[in-house]
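>>> predicted model and sequence below, questions to follow.
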Amino acid sequence: MSPLARLEDQGDRAVVVNMNAARRGALSPDLYEAIAAAIDLAKEPRIRAILLTCEGGFFCAGGDLNVLIERRGLSEAERRDKVDQLHGLIRGLRAAPVPVIAAVEGGAAGAGVSLALAADLIVAAEGAKFTAAYVKAGLVPDGGLTSALARSLPRPLAMEMCLLARPVMAQQMADLGAVNLVVPEGAVLAAAHGLADQLAEGPPAAQRAIRHLVSDAYEASEAAQLDAERNAMAHAAGAAEAGEGIAAFLEKRKPRFPSE
């Protein structure tokens, strides 16, 4: 069988391509493996971003219902293990060594929305729809979707998405701050690479610290977050990146941040 996903090493970025076009980018073991490999590759200092994209015009339709039918024959404990595999994937992306960018063509549904919202930056096509359609199949959200929606959207809209399976267009997601860029169809991947280019020009250690600070802030108390910011700033202020960044600012030139 042909692979349903691939990892492309593009120098300073790792690009995961979901190739399961026949099932609108449904999750597959190949996609899990490609994402895990991208996270592992991102441990190399030269990698500055992970991009998630697709072939076939649809980012990810979430779980394959044919697979879910087969899982009905498993015990509940075995089904929990299967969901834990998805949750491990989401945790891996959240803890990746570099920023993750989702390039959403067509749309995302179910756990595909979870996958997109696990990214740090999201670029979506103008016509892309985000749909939490679990309820139509008598199912409930997984993949951290309820947590991600609660962080990204007003409660009434999150409820409407989950209880009524209402699709939300990319522009509304952007208006609410859940999507970073909305671009014409066919321009999504180029725009995502543009964001990766900007990241590649920045200070890698500072970016990692910022990423962890912002992510942790949703769960941490204010006191804990203040301590974390204090420690991160004290370290950053003495590092080579700050030396170059401050000098470039004062000299009114573009910084040339040292590679790690």
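In hand now; what should we look at?
>>> all strands for the stretch 151-260 of the chain, in order.
In the stretch 151-260 of the chain, strands defined by DSSP state E, counting those that start in this stretch lie at 168-169, 181-183, listed in chain order.
>>> next: the stretch 1-150 of the chain.
Shown for the stretch 1-150 of the chain, the strands assigned by DSSP E, counting those that start in this stretch span residues 5-9, 13-18, 49-54, 100-104, 107-109, 121-125, 129-131.
>>> give me the residues contacting the second one.
It stands for strand 13-18. Contacts of strand 13-18 with the rest of the structure, by C-beta atoms under 8 Å, 6 or more residues apart in numbering, involve 4-8, 25, 31, 34-35, 38, 41-42, 47-55, 59-60, 193, 196, 200. C-betas here are computed from N, CA, C, even on glycine.
>>> filter the residues you listed down to the buried ones.
Neighbour counting over the contacts of strand 13-18 (16 or more other C-beta atoms under 10 Å) leaves 4-7, 25, 31, 34-35, 38, 41-42, 47-54, 59-60, 193, 196, 200 as the buried ones.
>>> make JSON lines out of the strands of the stretch 1-150 of the chain and add mean pLDDT and distance to P141.
Shown next, in JSON lines, are those (pLDDT from 0 to 100; distance: least, C-beta to C-beta, whole Å):
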{"stretch": "strand 5-9", "mean pLDDT": "98", "distance to P141": "23"}
{"stretch": "strand 13-18", "mean pLDDT": "98", "distance to P141": "20"}
{"stretch": "strand 49-54", "mean pLDDT": "98", "distance to P141": "19"}
{"stretch": "strand 100-104", "mean pLDDT": "98", "distance to P141": "18"}
{"stretch": "strand 107-109", "mean pLDDT": "97", "distance to P141": "11"}
{"stretch": "strand 121-125", "mean pLDDT": "98", "distance to P141": "18"}
{"stretch": "strand 129-131", "mean pLDDT": "98", "distance to P141": "11"}
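>>> in TSV, list the ones you listed along with distance to M161.
Listed next are the strands of the stretch 1-150 of the chain as TSV, based on distance: least, C-beta to C-beta, whole Å:
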stretch	distance to M161
strand 5-9	26
strand 13-18	22
strand 49-54	21
strand 100-104	15
strand 107-109	11
strand 121-125	15
strand 129-131	7
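>>> out of these, flag the one nearest P258.
The closest of those to P258 is strand 49-54. By C-beta to C-beta, the value is 18.2 Å.
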